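Novice: sharing a model prediction with you, sequence too.
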Amino acid sequence: MTETTDTIERSLVLVKPDGYARGLTGEVLRRVEAKGYRLVALRVLVPTRDQLVAHYAEHQGKPFYEPLLEFMSSGPVVAVLIEGHRCIEGFRALAGATDPTAALPGTIRGDLGRDWGVRVQQNIVHGSDSPESAARETTIWFPEHG
Ligand code: IDP
Ligand code: MG
């Protein structure tokens, strides 16, 4: 099978601190690879506040914004650049709905996430929501691929 390369997308995936701490990185990567997407780059790091402010710019001012930044800087995350046709939409489908309680079984958040009664939803993964977001987020987490 030869893929046409001109319309291949990339998406920025994060295994969030809850997913990393619970040892779910391998399970997330397994699902990404089983779906057929390619891993382009992968890094384990504790995000800086500057990275998170840039990454979550659209959420500034929302009630969960500060809890979100605090949660996301609470420990290591795994940043992954994935690649494949329509992988932005495809990974969002794998991840499931934002609220892990409502996320459907079969999705990462639905199968592996739950509500912990805290102010920010801890939902295992992040995935870019558009080609524009993917390009912007790639420069934050993988400047060498931006
Ligand atoms: P997404 O991760 O599904 O794209 P966004 O709306 O971009 O969801 O929100 C970013 C992150 O902020 C979510 O993944 C979740 O961790 C947290 N979050 C979003 N909405 C809420 C909320 O209403 N309450 C608490 N946390 C939220
Ligand atoms: Mg989002």
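Specialist: Right, received. Where do you want to start? Ligands and ions are numbered 1, 2, ... in the order given.
Novice: measure the spatially most central residue of the chain to Val77 for me?
Specialist: Note on the chain: the residue nearest the mean C-alpha position is His126, at 2.2 Å, using CA atoms, centre = their mean. For His126, the distance to Val77 under the criterion CB to CB, to the nearest Å works out to 9 Å. No exception for glycine: its C-beta is placed from N, CA and C like everyone else's.
Novice: repeat that for Ala41.
Specialist: For Ala41, the distance to Val77 under the criterion CB to CB works out to 14 Å.
Novice: tell me which of these two has more neighbours.
Specialist: Here Ala41 and Val77 are compared on neighbour count by other CB atoms under 10 Å; more neighbours surround Val77, at 27 against 16.
Novice: who's in contact with the residue lying closest to the more buried one once chain neighbours are set aside?
Specialist: In space, Val77 comes closest to Leu14 once its chain neighbours are excluded; the distance is 5.2 Å by CB to CB, 6 or more residues apart in numbering. Leu14 sits next to 77-80, 125-127, 141 when contact means CB atoms under 8 Å, 6 or more residues apart in numbering.
Novice: what's the first helix or strand after the helix or strand in which Leu14 is found?
Specialist: Take DSSP states H and E as the rule and Leu14 turns out to sit in strand 9-15. Proceeding C-terminally, strand 9-15 gives way to helix 17-21 as the next helix or strand, assigned by DSSP H and E.
Novice: can you list contacts of that following helix?
Specialist: Residues from elsewhere that reach helix 17-21 (CB under 8 Å, 6+ apart): 25, 28, 44, 71-72, 74-78, 112-113, 122-125.
Novice: from what I can see Tyr56 touches Pro67, true?
Specialist: No - the pair formed by Tyr56 and Pro67 falls short of the contact definition of CB atoms under 8 Å, at 11.3 Å.
Novice: residue ranges of the helices in the protein, please?
Specialist: 17-21, 25-35, 49-55, 65-72, 87-95, 108-112, 131-141 (DSSP state H).
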